[in-house]
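Q: The following comprises the amino acid sequence and a computationally predicted model.
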Amino acid sequence: MAYDEGLAQRVREILQSEKGIVEKKMFGGLAFMSHDYMFVGVLGDVLMARVGPEHHAHALTQPHVREMDFTGKPMKGYVYVDPAGCADDAVLAEWVSRCHRFVRSLPQKKGK
């Protein structure tokens, strides 16, 4: 599955001043990683957002947000944000920032 290059570019622009961000093609889309953790990605025209388990229920109350069920089973701590939910640059920036903050709070992966 191809990913929306326009959405990917908007995410890149939001993250341009951040250090240590890595892009990785995965899941047929594009993932943005920090400290070896995926925190947002683009799959088709949808934003994958890693909000964390404690913010999952609240994220699902936001407009145009649904459970991420990439494997056919909901993934706790991850949501999909449909295009209408991140069409506004300020809203997209908030999603990206929220997810980046979450992964920065995680312990460093072993062996790194």
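A: That came through fine.
Q: Point out the other helices and strands that the longest helix seen in the chain packs with.
A: In the chain, taking DSSP state H as the definition, the longest helix is helix 89-104. Contacts defined by 3 or more C-beta pairs under 8 Å, 6 or more residues apart in numbering; DSSP states H and E place helix 89-104 against helix 5-15, strand 29-34, strand 37-43, strand 46-50. (Glycine included, C-beta is placed from N, CA and C.)
Q: closest to K73 out of these?
A: Within those, the stretch nearest K73 is strand 46-50; the backing value is 15.1 Å (C-beta to C-beta).
Q: by how many degrees do the closest one and strand 29-34 diverge?
A: 30 degrees (axes from the mean of the first three to the mean of the last three C-alpha atoms, to 10 degrees).
Q: and strand 46-50, which strands flank it?
A: strand 37-43 (antiparallel), strand 78-81 (antiparallel) (DSSP bridges).
Q: Helix, strand, or coil at S17?
A: coil (DSSP: H, G, I helix; E, B strand; the rest coil).
Q: residues near it, how many?
A: Neighbours of S17 under the rule other C-beta atoms under 10 Å: 7.
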